[in-house]
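Colleague: Predicted model and sequence below, questions to follow.
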Amino acid sequence: MNYESFPTEFWHLTENGRIQCDVCPRACQLKEGQRGLCFVRACEDQKIVLKTYGRSSGFCIDPVEKKPLYHFYPGTSVLSFGTAGCNLFCKFCQNWDISKARTTDRLLDQAMPNQIVKAAKKHNCYSVAYTYNDPVIFLEYAVDVAKACRDEGIKNIAVSAGYICEEPRKLFYEYMDAANIDLKAFTDDFYKKTCGGNLQSVLDTLLYLRNETDVWFEITNLIIPGGNDSAEEIDEMSQWISKNLGNDTPIHFSAFHPDYKMLDKGRTPLSTIQGACEIARKNGLKYIYAGNVHDPANDSTFCSECGKLLIGRDWYELSDWNLLSGKCNSCHTQCAGVYEDTPGTWGRRRQSVNISGI
């Protein structure tokens, strides 16, 4: 098989003779030799092929909390990797050197599914995460890795903006155990002007995950000063989450720092992050976290019934652990999530992995 031009499933021939990619709502219609906006899906021989199958921009072992996932096997280690390209063009992208890459020269020559599984097992990683750039665009590669991981009892984590069409979404999440969905804002205007997408497609993915899968998922909202930081927008978003996804859905309000094409914006003040947490709390959400700032009180998990500290966190380091079988060991209220009786011990380390030769 030619892994440089891996055959894909989600495409069709249009009336104007072009080939339309049906993976994401962008619906790129391509002539022979053209690539989609994501850069990694291309039209060759009148079909859509994936150009980055088996190639990665690098592998690191991270704490699961860095995804961020706070309610999915806390303290465990995750083998994380991505490829190149993205199907959105967020002006504030903080992984732009990978997601906006227009060359595959920086990718490893080979990182096949069996090698990734061997690397995860060698380093005792609990999970593999598809991250750094959006795994939606390398769906076939991610699914094949995820299948191989499942065969060996390794969990799969998707870190995604959720910008994907209905049929590929079903296939992709069939093999995922957990996900963090980046809800970039709660207005279509922001999505259109700042990200090149639309809000409803992301909401559809969140609704799908809640109503039609067993995938554990959490939400990240990067708060950008003067962009999506109004109290009204955060209020509307947190009300929607509580009503449609359930008040046990964790949300991470993350602080922005100037990057890519938004160097003119300042960092998000801690007070803005803390204010967002308060708004979400007022709207009934139980598990609300502050990201990219040092705020242990808003980084820890508390019992929604008695208020006891269940999981203490300082950055990605765990301290207190007061859960037994996923329940508060004081009042026995269930804490939403997926847990073992004891947490992992990976800590806040980040370790690069050389997968060649494995």
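Modeller: Arrived safely, thanks for sending.

Colleague: If residue 328 is in a bridge, with which residues?
Modeller: Beta bridges link residue 328 to residue 323 when assigned by DSSP bridges.

Colleague: Begin at 9, not 1, for the rest of this chat.
Modeller: Right, with 9 as the first residue, what we last looked at is residue 336.

Colleague: tell me the pLDDT at it?
Modeller: For residue 336, the pLDDT comes out at 98.

Colleague: number of nearby residues for it?
Modeller: 21 (other CB atoms under 10 Å). Backbone N, C-alpha and C define where each C-beta goes, glycine included.

Colleague: Wait, it touches residue 343, no?
Modeller: Yes. Proximity of residue 336 to residue 343 meets the contact threshold set by CB atoms under 8 Å, at 6.4 Å.

Colleague: Between these two, which contacts overlap?
Modeller: Counting by CB atoms under 8 Å, 6 or more residues apart in numbering, the contacts common to residue 336 and residue 343 are 311, 318.

Colleague: hmm, which helix or strand of this protein has the shakiest average pLDDT?
Modeller: When each helix and strand of the chain is scored by mean pLDDT, DSSP states H and E, helix 104-107 comes last, with a mean of 54.

Colleague: Heading C-terminal from it, find the next helix or strand.
Modeller: helix 121-130 (DSSP states H and E).

Colleague: tell me the mean pLDDT for that following helix?
Modeller: In this model, helix 121-130 has a mean pLDDT of 96.

Colleague: got the buried residues for that helix?
Modeller: 121, 123-125, 127-128 (16 or more other CB atoms under 10 Å).

Colleague: In terms of secondary structure, what does that helix contact?
Modeller: strand 85-89, strand 135-138, helix 147-159 (3 or more CB pairs under 8 Å, 6 or more residues apart in numbering; DSSP states H and E).

Colleague: pLDDT averaged over the shortest one, what's the number?
Modeller: It refers to strand 135-138. Here the average pLDDT along strand 135-138 is 98.

Colleague: just checking, what packs against it?
Modeller: Checking 3+ CB pairs under 8 Å, 6+ apart, strand 135-138 ends up next to strand 85-89, helix 121-130, helix 147-159, strand 163-168.

Colleague: if you set the cut-off to 6 Å instead, what comes out?
Modeller: Using 3 or more CB pairs under 6 Å, 6 or more residues apart in numbering; DSSP states H and E, the elements in contact with strand 135-138 are strand 85-89, strand 163-168.
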